[in-house]
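S.K.: I'd like to go over a predicted model; first the sequence, then the structure.
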Amino acid sequence: MFFKMNKATIKFNKKIGSPDGMTLDAKKNLWVCHYGGSCITVYNSKGKKIHKINLPAKNITNCTFGGTNNSELFITSAIKGLKKSDIKKYNLSGSLFKVKTNCKGVISKPFSMSV
């Protein structure tokens, strides 16, 4: 599976799951959740992998920055479709995680809608 960002193309190996939810940090690094891969990988704007966070859950679904100074990463995971052996190995699947980082996320703009 490929993902294009600016002029860079990121190729994802099936061994680390499928790319799912993503977010950007203030330095324009892309944080990618890996469904079925138990991790989040971080890519710079040139498409080079610069960091990997391993997690005790198999299906990592989404992440967003928040918390103190917008430097904490909140990560969701799913238990759906896991075999009993996977649940035993990844016993925190379905959990919400908080990871303190040394970077800040992009500040989101509020959304409003008139009906």
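M.R.: Right, received. Where do you want to start?

S.K.: would you indicate which residues of the helix or strand hosting Gly21 are buried?
M.R.: In this structure, Gly21 sits in strand 18-24 according to DSSP states H and E. Of all the residues in strand 18-24, those buried under the rule 16 or more other CB atoms under 10 Å are 19-23. The way it works is simple: take the backbone N, C-alpha and C, and place the C-beta from them, glycine included.

S.K.: next SSE after it?
M.R.: strand 30-35.

S.K.: and the gap between the residue positioned nearest the centre of the chain and Val115?
M.R.: In the chain, the centroid-proximal residue (CA atoms, centre = their mean) is Cys33; its distance is 2.9 Å. Here Cys33 is placed at a distance of 32 Å from Val115 (CB to CB, to the nearest Å).

S.K.: which parts of this protein are helices?
M.R.: Per DSSP state H, the chain carries helices over the ranges 84-89.

S.K.: which parts of it are strands?
M.R.: 2-5, 8-11, 18-24, 30-35, 39-43, 49-54, 59-66, 72-78, 96-100 (DSSP state E).

S.K.: please produce TSV containing these, extended by mean pLDDT and distance to Ser85.
M.R.: Converted to TSV, the strands of the chain look like this (pLDDT from 0 to 100; distance: least, CB to CB, whole Å):
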stretch	mean pLDDT	distance to Ser85
strand 2-5	55	30
strand 8-11	80	29
strand 18-24	95	20
strand 30-35	96	18
strand 39-43	97	19
strand 49-54	96	19
strand 59-66	97	14
strand 72-78	98	17
strand 96-100	97	22
